[in-house]
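> attaching a predicted model along with its sequence, questions to come.
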Amino acid sequence: MSEPLVLLPGFMCDSRLYEDQMADLGRDFVLVSAPVWAGERIEEIASNLLTQLPAKFALAGHSFGGMVAMEILRRAPERVTRIALMNVTPLPETPDFAAMREPRIVGARSGRLAEIMSEEIPVSALAPGPGRGAVRARMLEMAENLGPEAFYCQTRAIQRRRDQQSTLRKLTQPMLILCGAYDTIYPVKRHEFLSQLIPYSKLRVIETAGHLPTLETPRDVTLALREWMSQPLVLR
């Protein structure tokens with residue numbers, strides 16, 4: 001039996017983001033889906049999670065969950081056996097983007113969460129096709145269930161996130177970098193840059209997905225994660 005696999009959901013998402021992956025991979029691996037909305041700083045969220053997670057584990061994070069995953073790796077690299085980052089950036093927030101998020105916080109807290117989420121993850125960030133509407137509906141459903149306070153906490157954490165480039169440059173564990181070709185939030189070029197930071201990384205671009213590949217092309221993501229989990233560990 002391999003080490004447990006911890007799955008960290010993306011911005012305003014919960015375990016339903018990984019529903020298909022959990023159904024498939026759960027037959028062969030111990031899976032843990034951990035919440036990432038309890039705190040206004042990524043450091044706080046990561047610290048709280050580390051008190052609850054197994055002694056050693058594989059770690060996969062999407063979007064905001066990927067930011068938390070990088071902070072876990074920075075704090076406790078000896079506990080992470082391998083890492084997968086999906087649709088994410090290691091760079092800190094820019095002042096312009098941080099300022100842009102302020103009216104979105106106000107909007108989310110004033111009853112316009114669905115509208116604000118459509119700005120955060122627009123339809124144009126998803127791959128075109130007949131399944132796009134269903135993926136968007138699932139994303140909005142998760143966001144509405146988490147509510148405006150989770151939006152506030154995660155947005156504050158994003159605004160204050162640190163630069164994780166130095167953390168990733170030290171990485172020796174097997175690493176998967178996965179993204180969708182249609183993602184306009186964290187485009188492919190961002191992931192190519194991310195891959196160049198890390199000597200033991202493998203970049204996988206899914207040509208028929210956008211920002212939410214676990215929902216858009218679940219089988220492709222599951223196969224990529226299964227292959228990554230089967231890689232031999234790099235000796236530390």
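All right, it came through fine. For clarity, every value in this text was computed on a predicted model and none was experimentally measured.
> thought residue 186 was touching residue 211?
Yes. Look at residue 186 against residue 211 with C-beta atoms under 8 Å: they come within range, at 7.3 Å. All C-beta spots, glycine's among them, are computed from the backbone N, C-alpha and C.
> between these two, which one's more packed in?
residue 211 (29 against 21; other C-beta atoms under 10 Å).
> surely that one is within a helix?
No. Applying DSSP: H, G, I helix; E, B strand; the rest coil, one finds residue 211 to be coil, outside a helix.
> which parts of this protein are strands?
For the chain, the strands defined by DSSP state E occupy 5-8, 31-33, 57-62, 80-86, 175-180, 201-206.
> in JSON lines: these, plus mean neighbour count and distance to residue 192.
What follows is these, written out as JSON lines (neighbours: other C-beta atoms under 10 Å; distance: least, C-beta to C-beta, whole Å):
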{"stretch": "strand 5-8", "mean neighbour count": "26", "distance to residue 192": "23"}
{"stretch": "strand 31-33", "mean neighbour count": "19", "distance to residue 192": "29"}
{"stretch": "strand 57-62", "mean neighbour count": "26", "distance to residue 192": "18"}
{"stretch": "strand 80-86", "mean neighbour count": "26", "distance to residue 192": "13"}
{"stretch": "strand 175-180", "mean neighbour count": "25", "distance to residue 192": "9"}
{"stretch": "strand 201-206", "mean neighbour count": "18", "distance to residue 192": "7"}
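> which stretch among the ones you listed comes nearest residue 232?
strand 80-86 (9.9 Å; C-beta to C-beta).
> return the alpha-carbon coordinates of stretch 221-229 using PDB.
This file holds the C-alpha atoms of stretch 221-229, laid out as PDB (Å, rounded to 0.1, in the frame of the first residue of the first chain):
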ATOM      1  CA  VAL A 221      -6.700  13.700 -14.400                       C
ATOM      2  CA  THR A 222      -7.200  10.400 -12.700                       C
ATOM      3  CA  LEU A 223      -4.800   8.700 -15.000                       C
ATOM      4  CA  ALA A 224      -2.200  11.400 -14.500                       C
ATOM      5  CA  LEU A 225      -2.500  11.100 -10.700                       C
ATOM      6  CA  ARG A 226      -2.300   7.300 -10.800                       C
ATOM      7  CA  GLU A 227       0.800   7.400 -12.900                       C
ATOM      8  CA  TRP A 228       2.400  10.000 -10.500                       C
ATOM      9  CA  MET A 229       1.500   7.900  -7.500                       C
END
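> just how off-centre is it within its chain?
15 Å (C-alpha atoms, centre = their mean, to the nearest Å).
> picking up where we left off before, closest one to residue 123 among the strands of the chain?
That would be strand 175-180 among the strands of the chain, by C-beta to C-beta, at 13.6 Å.
> how far away is residue 56 from residue 3?
6 Å (C-beta to C-beta, to the nearest Å).
> neighbour count: the two, which is higher?
The neighbour comparison of residue 56 against residue 3 (other C-beta under 10 Å) goes to residue 3, with 19 against 12.
> what's the more buried one in contact with, if anything?
54, 56, 57, 58, 81, 82 (C-beta atoms under 8 Å, 6 or more residues apart in numbering).
> can you list these in CSV and add distance to residue 207 and pLDDT?
Listed next are these as CSV, based on distance: C-beta to C-beta, whole Å; pLDDT from 0 to 100:
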residue, distance to residue 207, pLDDT
54, 35, 94
56, 34, 95
57, 30, 97
58, 26, 97
81, 29, 95
82, 24, 95
